[in-house]
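Q: got a sequence here, can you model it:
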Amino acid sequence: MKIATFGISHETNTFSSIPATYKEFENYGIERKEGIFEKFKDSNYTIAGYIEASKDLNFELVPLLFAQTGPIGTITSDAYEKLSNEIFSMLEKEGPWDGVLISNHGAAVAEGFNDMDGEFCKSIRSIVGNIPIGITLDMHANISQKIIDQTDICIVWKTNPHLDAKVRGYRCADLIYKTIKKEINPKQSISCPPLLVNIVKQFTGQSPMKELVAQTNKIAKENKVLDTSIAEGYPYSDVEKMGMSWITITDDDKQLADNLSKKMSLFGWSKREELNESVWPIENALNHAVKNYKGPKLNDDKNTIAKNGIALDDIEKSNHSKFGPIVLMDVGDNIGGGSSADSTHILDVAMKLKINNILQTLYDPESVKQCLTRNIGDSITLKVGGKSDSLHGKPLEVTGKIYYISNGKYSDEGATHAGFKFFNDGKSVVLKTIDGNTILLTSNRGGNTSINQMYFNQINPESFKIIIAKGVVSPRPAYQPIASQILLVNSPGVTTSDLSFFNYKNIRKNMYPFDKNTNYQ
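A: Here you go, the predicted model:
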């Protein structure tokens with residue numbers, strides 16, 4: 001049995017001014033052939049699940065090409081054509097195939113193709129013909145009917161933060177294997193109500209997402225049901241397919257799949273108000289943090305630590321849970337959603353309020369270069385952050401000492417968002433400011449999804465009063481174990497939770513919460 005695997009994985013923020021060029025994919029890393037296995041075999045990403053399944057089930061998994069880049073703007077036509085044509089050529093030349101396993105994100109937009117993932121699947125189907133095609137998608141996928149029509153198995157990650165990518169990849173591979181062996185005859189159905197869930201309500205360890213995922217897991221155990229999925233969607237993509245969706249895959253029962261997908265989506269619709277509640281303004285969040293900080297945890301105590309393959313729950317109350325930093329999620333600068341990584345909005349307010357003992361990162365290659373002309377221990381005055389665009393604050397003048405310099409490359413063997421293991425922030429500098437804050441300046445845009453980012457740069461995050469994390473859910477596996485509270489902050493930016501900021505032109509006209517009177521039944 002010979003199965004091809006490949007993918008073009010991109011989460012497209014159509015409001016971002018940074019296009020996803022071929023060069024951006026190259027910078028992030030385009031892997032070919034065995035290079036794909038080398039990169040992902042020891043990770044907890046989707047492809048690692050494909051690899052493990054191939055060993056357990058004894059089929060030949062043939063890697064072709066895998067390309068991804070950070071969640072920035074629309075993929076250029078040149079980039080999509082180069083990447084897709086190379087994959088298509090490999091498929092045609094190296095066949096015939098018994099099956100296909102695709103690893104895409106599911107929220108990609110390319111010039112000329114608002115539904116890039118659907119168009120990609122359609123092209124794959126035209127090449128390989130009537131053989132089983134499986135695809136595993138990120139939970140933030142905006143899933144179209146075209147994707148469902150052009151694949152036999154569509155599986156979506158079920159945790160946010162994403163800790164089950166490998167598990168769900170394995171599930172997809174297992175079902176494709178059984179389809180090839182004719183042990184099952186999958187029939188899948190999708191329901192897409194006119195509903196989005198605000199990014200600040202997408203943590204699957206809290207209500208209402210916790211209940212919605214639990215329902216899908218319960219239905220997945222019913223007779224003739226092979227799998228169920230719930231996709232939260234990606235609200236920063238101005239396309240018609242944007243929004244939540246529910247998928248059911250049954251064994252040879254399309255009507256049952258239709259009924260169950262509709263049932264799950266109606267339950268989601270009943271939670272629509274809870275899925276779109278507001279969060280903390282900046283000043284309120286900072287004042288709350290100052291008032292409620294109780295000091296660091298004692299004796300290396302930690303809250304529940306994230307585990308791969310298992311959904312992360314919220315912080316449980318214990319004798320030590322009230323101690324530790326208060327983490328402020330900088331929602332408007334959610335790097336995992338396509339933001340700039342250099343927003344200064346929260347730090348600016350904190351400096352005006354004279355709040356200190358804050359830790360945060362800033363993407364600022366210009367300031368890093370200035371620091372590299374000095375030595376560790378030198379004092380320096382810089383204007384940091386706020387340089388990518390006009391949406392993420394202004395550069396802030398700070399004075400401090402250069403504490404540490406690194407190459408920005410580190411790894412994490414623990415559970416991380418999406419299962420990634422290796423990280424590269426580029427040349428990085430730790431600056432300890434005279435007003436008592438610590439800023440990690442990086443040369444590459446990077447999120448705060450691994451606490452090793454701090455340890456590698458000789459920073460002890462447990463010792464801070466406030467940590468500003470650039471993200472919404474993805475930093476939780478890193479910082480929830482040491483935090484006393486995690487507050488979502490409604491900061492400005494290209495990923496703000498205030499969706500009235502965006503000028504949507506292509507989404508469905510009756511989308512909730514934009515149309516509060518819309519009906520779904």
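Q: nearest the middle, which residue of this structure would you pick?
A: Gly336 (5.1 Å; Cα atoms, centre = their mean).
Q: tell me the pLDDT of the closest residue to it other than its chain neighbours.
A: Residue nearest to Gly336 in three dimensions, not counting chain neighbours: Ser474, with 4.6 Å by Cβ to Cβ, 6 or more residues apart in numbering. For every residue, glycine as well, the C-beta is placed using N, CA and C. pLDDT recorded at Ser474 is 96.
Q: helices of the stretch 201-350 of the chain, residue ranges please.
A: 209-219, 254-270, 282-292, 345-352 (DSSP state H, counting those that start in this stretch).
Q: ranges for the helices of the chain?
A: According to DSSP state H, the chain carries its helices in the segments 22-28, 34-40, 46-57, 77-94, 116-128, 145-150, 165-180, 209-219, 254-270, 282-292, 345-352, 365-371, 452-456, 476-479.
Q: who does the last one touch, helix- and strand-wise?
A: Judged by 3 or more Cβ pairs under 8 Å, 6 or more residues apart in numbering; DSSP states H and E, helix 476-479 is in contact with strand 466-469.
Q: ok, now the fifth one?
A: Applying 3+ Cβ pairs under 8 Å, 6+ apart, one finds that helix 116-128 contacts strand 2-9, helix 77-94, strand 99-103, strand 133-137, helix 145-150.
Q: what about 7 Å?
A: Helices and strands touching helix 116-128, by 3 or more Cβ pairs under 7 Å, 6 or more residues apart in numbering; DSSP states H and E, are helix 77-94, strand 133-137, helix 145-150.
Q: and the ones you listed: which comes nearest Gly309?
A: strand 133-137 (14.0 Å; Cβ to Cβ).
Q: what's the angle between that closest one and helix 165-180?
A: With axes from the mean of the first three to the mean of the last three Cα atoms, to 10 degrees applied, the angle from strand 133-137 to helix 165-180 works out at 160 degrees.
Q: other residues contacting strand 133-137?
A: Residues from elsewhere that reach strand 133-137, judged by Cβ atoms under 7 Å, 6 or more residues apart in numbering: 46, 100-106, 121, 124-125, 143, 147, 151-156, 168-169, 172-173, 175-176, 231.
Q: where does Glu31 land on pLDDT?
A: 98.
Q: was I right about it contacting Gln68?
A: No. Counting by Cβ atoms under 7 Å, Glu31 does not reach Gln68; the two are 8.9 Å apart.
Q: thinking again about what came up before, now render the helices of the stretch 201-350 of the chain as TSV, adding mean neighbour count.
A: Formatted as TSV, those follow (neighbours: other Cβ atoms under 10 Å):
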stretch	mean neighbour count
helix 209-219	17
helix 254-270	19
helix 282-292	17
helix 345-352	20
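Q: and Gln453, which of the ones you listed is closest to it?
A: Of all the helices of the stretch 201-350 of the chain, it is helix 345-352 that lies closest to Gln453, at 17.6 Å by Cβ to Cβ.
Q: same question for that closest one, mean pLDDT?
A: 98.
Q: list of residues touching it?
A: So helix 345-352 is contacted by 282-283, 286, 328, 330, 332, 358, 360, 392-393, 396, 435, 468, 489, 491-492 (Cβ under 7 Å, 6+ apart).
Q: filter those to the buried ones?
A: Neighbour counting by 16 or more other Cβ atoms under 10 Å classes 282, 286, 328, 330, 332, 358, 360, 392-393, 396, 468, 489, 491-492 among the contacts of helix 345-352 as buried.
Q: quick check: the farthest pair among these?
A: Most distant of these, by Cβ to Cβ, are Ile358 and Pro492, 18.6 Å apart.
Q: gap between stretch 339-358 and the chain center?
A: Remark: stretch 339-358 is offset 24 Å from the chain centroid, using Cα atoms, centre = their mean, to the nearest Å.
Q: and for stretch 450-469?
A: Here stretch 450-469 shows a centroid-to-chain-centroid distance of 21 Å under the convention Cα atoms, centre = their mean.
Q: got the domain ranges for the protein?
A: If you go by automatic domain parsing, the domain ranges for the chain are 2-276, 282-496.
Q: so which of those domains gets nearest Lys505?
A: Here domain 2-276 is closest among the domains of the chain (Cβ to Cβ), at 6.1 Å.
Q: end to end, how far does the closest one reach?
A: 45 Å (Cα to Cα, to the nearest Å).
Q: burial count for the residue lying closest to Thr433 once chain neighbours are set aside?
A: Closest residue to Thr433 apart from its sequence neighbours, by Cβ to Cβ, 6+ apart: Gly400 at 3.7 Å. By the other Cβ atoms under 10 Å criterion, the neighbourhood of Gly400 contains 21 residues.
Q: beta-bridge partners for Gly400, please?
A: Legend: beta-bridge partners of Gly400 under DSSP bridges are Ile380, Thr433.
Q: can you check the one 5 residues further on too?
A: The bridge-partner assignment for Ile405, based on DSSP bridges, gives Val429.
Q: my guess is it contacts Gly426. True?
A: No. At 11.8 Å, Ile405 does not count as touching Gly426 under the criterion of Cβ under 7 Å.
Q: so of the helices and strands packed on helix 116-128, which one's packed in deepest?
A: Ranked by mean neighbour count, the helices and strands packed on helix 116-128 are led by strand 133-137 with a mean of 27 (mean count of other Cβ atoms under 10 Å).
Q: how far off helix 116-128 does that strand point, in degrees?
A: 160 degrees.
Q: chain center to strand 133-137: distance?
A: Mean-position distance between strand 133-137 and its chain equals 17 Å (Cα atoms, centre = their mean).
Q: note down every partner strand of that strand and its orientation.
A: Paired strands of strand 133-137, with direction, are strand 99-103 (parallel), strand 153-156 (parallel) (DSSP bridges).
Q: how about the ones you listed, which one is nearest Ser340?
A: strand 99-103 (26.8 Å).
Q: that closest one relative to helix 77-94, how many degrees between them?
A: 160 degrees.
Q: low-confidence ranges in the stretch 51-200 of the chain?
A: By pLDDT under 70, the stretch 51-200 of the chain has no low-scoring segment.
Q: how close does Asn276 get to Gly106?
A: Distance, Asn276 to Gly106, by Cβ to Cβ, to the nearest Å: 22 Å.
Q: meant to ask about Asp238
A: 16 Å.
Q: compare these two (neighbour count), which wins?
A: Taking other Cβ under 10 Å, Asp238 and Gly106 do not tie; Gly106 has more neighbours (29 against 19).
Q: so what's the more buried one up against?
A: Going by Cβ under 7 Å, 6+ apart, Gly106 touches Asp117, Leu137, Asp138, Ala141, Asn142, Ile143.
Q: the last one reaches Ser245, doesn't it?
A: Translated: Ile143. Yes. Taking Cβ under 7 Å as the definition, Ile143 is a contact partner of Ser245 at 4.7 Å.
Q: the closest residue to Ile451 other than its chain neighbours: neighbour count?
A: Leaving aside its sequence neighbours, Ile451 sits nearest to Ala478 (Cβ to Cβ, 6+ apart; 4.2 Å). Using other Cβ under 10 Å, Ala478 has 29 neighbouring residues.
Q: I'd like the distance between Ala478 and Pro296.
A: 17 Å.
Q: same thing with Pro132?
A: Where Pro296 is concerned, Pro132 sits at a distance of 53 Å (Cβ to Cβ).
Q: Asn457 now?
A: 19 Å.
Q: which of these two has more neighbours?
A: Looking at Asn457 and Pro296 with other Cβ under 10 Å, you find the greater number of neighbours at Asn457, namely 21 against 17.
Q: and that one, what does it touch?
A: With Cβ under 7 Å, 6+ apart as the criterion, the residues that contact Asn457 are Tyr404, Ser406, Ser428, Val430, Leu440.
Q: select only the buried ones of the residues you listed in PyMOL?
A: Buried subset of those, written as a PyMOL selection, criterion 16+ other Cβ under 10 Å:
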select buried, resi 406+428+430+440
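Q: want to throw the contacts of Asn457 into a markdown table with distance to Ser54?
A: Putting those into a markdown table (distance: Cβ to Cβ, whole Å) gives the following:
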| residue | distance to Ser54 |
| --- | --- |
| Tyr404 | 42 |
| Ser406 | 37 |
| Ser428 | 37 |
| Val430 | 43 |
| Leu440 | 39 |
